[in-house]
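> okay, here's the prediction I keep looking at, along with the sequence it came from:
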Amino acid sequence: MKQVRLGIAGLGTVAQGVLSIIATNGDKIRARSGVELKVTRVASRTLRPEVDLLGADFSQDLSDLIADDVDIVLELIGGEEVAKNLIETALDADKPVVTANKAVIASFGNELLTSNANVPLKFEAAVAGAIPIIQAIQDSLICNDFQQVVGIINGTCNYILTAMEELDQPFATALNNAQELGYAEADPTFDIEGVDAAHKLTILAGLAFDTPFELDHVYVEGITKITAQDIEYAAELGYRIKHVGIAKLAGDGVDKGVEARVHPALIPSNALLANVNDVANAVVVRSDAAGQTLFSGPGAGGMATASSVLGDVVALARSEARVSSDSRTKTRYIDIGEVVCSNYLRIPVRDEPGVFAQVANTMSEHDISIEAAIQKEPIEGSAFVDIVIVTHAITESVMERAVATLREKLGEREASQGDISRIRIETLD
Ligand SMILES: NC(=O)c1ccc[n+]([C@@H]2O[C@H](COP(=O)([O-])OP(=O)(O)OC[C@H]3O[C@@H](n4cnc5c(N)ncnc54)[C@H](OP(=O)(O)O)[C@@H]3O)[C@@H](O)[C@H]2O)c1
């Protein structure tokens, strides 16, 4: 029997989940793994007397965790600077660290993972909560060459888009409900603007394609511009709108590189990811030997996230941890302008002769071919209608130029109302 002494930083949602799982399942963990988990220290800003610390000493000073009676440090405070410093100090002191902090790994993971190569830093809980996607990529599927990793990796966005589609809720109502249910923060910016998903995708892209984490190279778009009309028209065309993170290898020869992007996308309604709803997360991995594998489950929540944190702890205690190394080589990240995909366009135009032709001509001038087009009926009393177009695959920069030309031309004849909405289509082939 091996006793492992834990020092926990933070006493919030995830830390409480960790304490609760140890209290409830500690015996089972010991029987299964031969590891006895003992929390010796907890350090956090505020003591919460209602939380059972399982006999651990409490301190408000995080540096008290770097002590002889702590074998593994659990960083569960979140944020960047303080968390980074704590992880660095622990690794320097030869203490392995487990963190749930995607922001710190996406921004500082490269230096932290190599700062003391003999001491492991594990972060399963940082991506997709309870889903063991890091272990899948780093261990179970390690003998594969990865081609694509696509996921719904932000539960808040997924909840909002599902509520907009299935309950006909406007964006603001769906967001409000997500906040009331505890699925979204009081300040939801990080989630709905795609930043949280970009942190997670940075980690997935780096691990799948053996390249350093490069948050700055991830293209980021949130869900704030998605309207009920877009969702309705997408359904008519056989798609559902999901907020996805996509990391894939693209291009050949010197042009070869990693595409890493986070944005809303039209997904074919019958695709696996199109049917992952509410706060659930899911990641589809495509690789040469295993083919397509789907991982799905709760992407957040105290207990679900703590399950991954403690999975890392037990793996470390059993000495199965992959020792971090700097064996990753820098791979080119493909600029969003070079990405090729089909597009959905919703163009609100004045209902008058010649406007549709102008839209079609503009697409043709930019060598963009149209796969499908719908002209909606005007709403009673309105002089405007929506033209909805699905394009064949086209380079992003060409599409952007075509949309800019269209805006200009329709603006000149005052034929448009509101902005053109463009959403990328991902067939996930
Ligand atoms: N919650 C989830 O579902 C979830 C899912 C996946 C990953 N994560 C990640 O897990 C980590 C923890 O999240 P959480 O939801 O548990 O957060 P939380 O509920 O806000 O808890 C954070 C805890 O850390 C303490 N803390 C924050 N800054 C501190 C500082 N500078 N010094 C000392 N203590 C500090 C807080 O103290 P106060 O009580 O005084 O504020 C609180 O006890 C984050 O990195 C988050 O991204 C969370």
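On my side now, so go ahead.
> nearest to the ligand: which residue in this structure?
Relative to the ligand, the nearest point of the chain is G12 (1.8 Å; Cβ to the nearest ligand atom). Backbone N, C-alpha and C define where each C-beta goes, glycine included.
> how many neighbours does that residue have?
By other Cβ atoms under 10 Å, 16 other residues sit near G12.
> could you check how far it is from L19?
G12 is 11 Å from L19, where distance means Cβ to Cβ, to the nearest Å.
> E214 too?
Distance from E214 to L19, by Cβ to Cβ: 35 Å.
> how about the contacts made by the residue of the chain closest to the ligand?
For G12, the contact set (Cβ atoms under 8 Å, 6 or more residues apart in numbering) comprises S44, L76, I77, G78.
> one more time with 7 Å
Neighbour list for G12: L76 [criterion: Cβ atoms under 7 Å, 6 or more residues apart in numbering].
> so which of E214 and L19 has more stuff around it?
Between E214 and L19, counted using other Cβ under 10 Å, the more crowded position is L19 (22 against 17).
> tell me which residues are up against the helix or strand hosting that one.
Assigned by DSSP states H and E, L19 belongs to helix 13-33. Applying Cβ under 7 Å, 6+ apart, the contact partners of helix 13-33 are 1, 8, 35-37, 39, 51-54, 74, 76, 100, 302-303, 305-307, 309-310, 314, 318.
> partner strands of the helix or strand following that helix, parallel or antiparallel?
Once the chain leaves helix 13-33, the next helix or strand it forms, by DSSP H and E, is strand 35-43. In the sheet, strand 35-43 lines up against strand 2-9 (parallel), strand 57-59 (parallel) (DSSP bridges).
> after the shortest one comes which helix or strand?
Scanning forward in sequence from strand 57-59 by DSSP H and E, the next helix or strand is strand 72-75.
> and the next helix or strand after that next one, anywhere near the ligand?
Later in the chain than strand 72-75, the nearest helix or strand by DSSP H and E is helix 81-92. Yes: using Cβ under 6 Å from any ligand atom, we find that helix 81-92 touches the ligand at V82.
> list the buried ones in stretch 206-223?
Within stretch 206-223, the residues scored as buried using 16 or more other Cβ atoms under 10 Å are 206-209, 211-215, 217-223.
> so V218 sits right up against A197, yeah?
No: counting by Cβ atoms under 7 Å, V218 does not reach A197; the two are 9.0 Å apart.
> got any residues that touch both of those two?
Common neighbours of V218 and A197, using Cβ under 7 Å, 6+ apart, are V262.
> in three-state terms, label N277 for me.
Under DSSP: H, G, I helix; E, B strand; the rest coil, N277 falls in the coil class.
> if I look at it, how far off is L161?
Between N277 and L161 the computed distance is 9 Å (Cβ to Cβ).
> again with D367
Taking Cβ to Cβ as the measure, D367 falls 32 Å from L161.
> looking at those two, which one has more neighbours?
Comparing D367 with L161 by other Cβ under 10 Å, the one with more neighbours is L161, at 23 against 10.
> show me what contacts that one?
Counting by Cβ under 7 Å, 6+ apart, L161 makes contact with I223, I226, I241, K242, H243.
> of the residues you listed, which is the most crowded?
K242 (27 neighbours).
> residue contacts, the residue nearest the centre of the chain?
Nearest to the geometric centre of the chain sits A197, at 2.7 Å (Cα atoms, centre = their mean). Contact analysis of A197 by Cβ under 7 Å, 6+ apart lists I153, N154, H243, G245, V262.
> so which of these sit within helices?
Within those, no residue falls in helices by DSSP state H.
> okay, these in a markdown table with pLDDT next?
Below are the contacts of A197 laid out as a markdown table (pLDDT from 0 to 100):
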| residue | pLDDT |
| --- | --- |
| I153 | 98 |
| N154 | 97 |
| H243 | 98 |
| G245 | 98 |
| V262 | 98 |
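> chain neighbours aside, what residue packs nearest to S397?
Among residues not flanking S397 along the chain, G337 sits closest, at 3.9 Å (Cβ to Cβ, 6 or more residues apart in numbering).
> G34 contacts M1, correct?
Yes: counting by Cβ under 7 Å, M1 is a contact partner of G34 at 5.9 Å.
> the two: which is more packed in?
Taking neighbours as other Cβ under 10 Å, G34 and M1 compare with G34 leading, 12 against 7.
> and the residue in the chain sticking out farthest from the centre, which of the three is it?
Each residue of the chain has a distance to the centre, and by Cα atoms, centre = their mean the biggest one is for P353: 44.0 Å. Here P353 is coil, with the state taken from three-state DSSP.
> pull the contacting residues for L310.
By Cβ under 7 Å, 6+ apart, the contact list for L310 reads V18, I21.
> let's see the pLDDT reported for the residue nearest to the centre of the chain.
Listed pLDDT for A197 reads 98.
> can you name the helix or strand that it falls in?
Per DSSP H and E: helix 195-208 holds A197.
> so is that helix next to the ligand?
No: Helix 195-208 does not reach the ligand (Cβ under 6 Å from any ligand atom); its nearest approach is 7.9 Å.
> chain center to that helix: distance?
6 Å (Cα atoms, centre = their mean, to the nearest Å).
> return the alpha-carbon coordinates of that helix using PDB.
Extracted as PDB, the C-alpha positions of helix 195-208 are listed here (Å, rounded to 0.1, in the frame of the first residue of the first chain):
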ATOM      1  CA  VAL A 195     -11.600  32.000 -25.400                       C
ATOM      2  CA  ASP A 196     -12.100  29.000 -23.100                       C
ATOM      3  CA  ALA A 197     -12.500  26.700 -26.100                       C
ATOM      4  CA  ALA A 198      -9.300  28.200 -27.700                       C
ATOM      5  CA  HIS A 199      -7.400  27.300 -24.500                       C
ATOM      6  CA  LYS A 200      -8.500  23.700 -24.700                       C
ATOM      7  CA  LEU A 201      -7.900  23.500 -28.500                       C
ATOM      8  CA  THR A 202      -4.400  24.800 -28.100                       C
ATOM      9  CA  ILE A 203      -3.700  21.900 -25.800                       C
ATOM     10  CA  LEU A 204      -5.300  19.300 -28.000                       C
ATOM     11  CA  ALA A 205      -3.600  20.600 -31.200                       C
ATOM     12  CA  GLY A 206      -0.200  20.600 -29.500                       C
ATOM     13  CA  LEU A 207      -0.500  17.100 -28.200                       C
ATOM     14  CA  ALA A 208      -2.000  15.500 -31.300                       C
END
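> great, nothing more from me.
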